[in-house]
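In: heads up, no residue letters with this:
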């Protein structure tokens with residue numbers, strides 16, 4: 001990821017003409033690079049076997065907050081758009097559940113298989 005980021009930044013900075021980056025692009029790059037330099041090592045400390053379940057739950061909560069915020073700001077009162085979002089969300093959740101149960105055989109997140117292993 002580091003090499004990809006560096007390569008992308010160099011390519012973007014070397015762009016000229018109408019698509020050349022503006023002052024705001026460079027300011028955003030500087031702000032984001034500070035977060036990455038500090039956040040990546042901290043993230044590696046938190047990403048362990050003990051914290052894996054908590055981080056998954058945090059990720060799902062943040063995704064839900066992002067979806068609700070998007071709905072409030074962009075979709076607003078468009079009933080058709082909300083029905084489409086609801087249908088897609090149901091499709092994705094049910095697909096994940098079926099794949100988890102049939103293909104990966106973990107029994108909905110490993111709860112069933114973990115309980116079977118603990119009984120032995």
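Out: Done, it's in. Note that the structure is predicted; figures quoted are calculated from it, not measured. Numbering: from 1, shown residues only.
In: What values do phi and psi take at residue 22?
Out: According to degrees, to the nearest 10, the main-chain angles of residue 22 amount to phi -90, psi 180.
In: ok, how many other residues are close to it?
Out: Using other CB atoms under 10 Å, residue 22 has 8 other residues around it. No exception for glycine: its C-beta is placed from N, CA and C like everyone else's.
In: Quickly list the domain ranges of the protein.
Out: 2-46, 77-120 (automatic domain parsing).
In: Those: lowest mean pLDDT?
Out: Ranked on mean pLDDT, the bottom entry among the domains of the chain is domain 77-120, at a mean of 77.
In: which one of the domains of the chain lies closest to residue 55?
Out: Minimum separation from residue 55 across these (CB to CB) falls at domain 2-46, 7.0 Å.
In: now the end-to-end length of that closest one.
Out: With CA to CA, to the nearest Å applied, domain 2-46 spans 20 Å between its terminal residues.
In: Distance from the chain centre to that domain, please.
Out: 19 Å (CA atoms, centre = their mean, to the nearest Å).
In: still on that earlier bit, need the domains of the chain in CSV with distance to residue 52, can you?
Out: Compiled in CSV, these are given as follows (distance: least, CB to CB, whole Å):
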stretch, distance to residue 52
domain 2-46, 10
domain 77-120, 11
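In: And those domains: which comes nearest residue 70?
Out: Between residue 70 and the domains of the chain, the shortest separation by CB to CB is 8.8 Å, and it involves domain 77-120.
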